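Peer 1: the sequence and its predicted three-dimensional model are supplied below.
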Amino acid sequence: MYVTMKPLLDHAATNHYAVMAANVLNMEMARAVISAADEKQAPLIIIIGSMAMAKHSAAELMAPLIRRLAAQTTAPIALCLDHGKDIHKVAYALHNGFNSIMLDGSQYEMGENMEKTRQIVELCHPLHISVEGEIGHVGQAASLDGRDASLYTKPEDAAYFAKATGVDCLAVAIGTAHGKYPEGFVPHINLELLREIKEATNQMPIALHGGSGSGDENIIAAVEAGINKINLATDLQEAAKKGAGEAFQKGADYIKTLQEAELACKNLLMHWMELSGSCNRAKDIPVPWRFSDLQGDYKNHSIEE
Ligand SMILES: [Zn+2]
């Protein structure tokens, strides 16, 4: 079932668990993560970043594929542009049928970030498109940005930003970072800060970016402390690479190699769904409407859902 992000995140925030936000780059990864959601009956957000779209995973190819697959499961599936930097990237995703947007204005100072995010909310909400903003800045794992407390989200900024922009979900910087950490490094997630942000924002849905490599115990603790969306990219890509690599080494043909990559992704995401507490939640999530019912004149596709 293809739905926007908001009902999934609201249910997660009310019931103290997190929805996995899985990055996919191709058909195999899309099938892997939707199959995991179906098997675990877990809500799922699929995320694709602007850079990946430009390099490989074009929105006009990925969105119809994902919508078709989502229509085949009772698990609710949302599709979100990840780290959209400007209105052009947002328009490209929306035009191709994405139903959720993450607007990342975290490279700007607070006032400008707020203004840019508010404009996207104004554009998206009448179309029933959910919006996530970012306050503080989640940097890169390789440069150990997660340890730089000056980038962390301040609870009072989070509260002000959320209110002024009207976002449905807030990405915060509390110790994780994007990409691959140096060998042996495990991030410290500032749970106390997370609890303060939850308190300040009236328990609104909070997203953790840079989930990969954080360690199972850290993730469980972060969910307990109030995380409701966990972005996972690097670990899924690594799993696919490993699955394909091992099959290739054993002399598998191309189809078998792709299938092993898909299976490795699916198995990894099912593990994260267990950590996030999202398994078997699908039936309890009130989804009052299907996304396709709400698009009206905006609907630009012909897939039956
Ligand atoms: Zn991110």
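Peer 2: Yes, it's here. Numbering: from 1, shown residues only.
Peer 1: and the helices in the protein, which stretches?
Peer 2: For the chain, the helices defined by DSSP state H cover 5-15, 27-40, 50-55, 59-70, 87-95, 110-124, 155-165, 191-200, 216-224, 234-249, 254-276, 291-294.
Peer 1: for the residue of the chain positioned farthest from its centre, report the pLDDT, please.
Peer 2: Largest separation from the mean C-alpha position in the chain: G251, at 34.7 Å (C-alpha atoms, centre = their mean). Note for G251: predicted pLDDT of 97.
Peer 1: nearest residue to Y92 in space, please, no chain neighbours.
Peer 2: A59 (6.0 Å; C-beta to C-beta, 6 or more residues apart in numbering). Glycine gets a C-beta too; all of them are placed from N, C-alpha and C.
Peer 1: can you report how many residues neighbour that neighbour?
Peer 2: A59 is flanked by 22 other residues according to other C-beta atoms under 10 Å.
Peer 1: ok, now which ones touch it?
Peer 2: Counting by C-beta atoms under 8 Å, 6 or more residues apart in numbering, A59 touches I48, M53, Y92, A93, H95, N96, G97, F98.
Peer 1: same check, this time on A162
Peer 2: Neighbouring residues of A162 by C-beta under 8 Å, 6+ apart: G133, I135, L170, T201, M204.
Peer 1: what about it, distance to L151?
Peer 2: Plainly put, A162 is 18 Å away from L151 if you go by C-beta to C-beta, to the nearest Å.
Peer 1: ok, K198 next?
Peer 2: Taking C-beta to C-beta, one finds K198 at 19 Å from L151.
Peer 1: and those two? Which one has more around it.
Peer 2: Legend: neighbour count by other C-beta under 10 Å for K198 and L151, higher for K198 (22 against 17).
Peer 1: correct me, but that one touches G226?
Peer 2: Yes: between K198 and G226 there is a contact under C-beta atoms under 8 Å: 3.9 Å.
Peer 1: kind regards, and thank you for your time.
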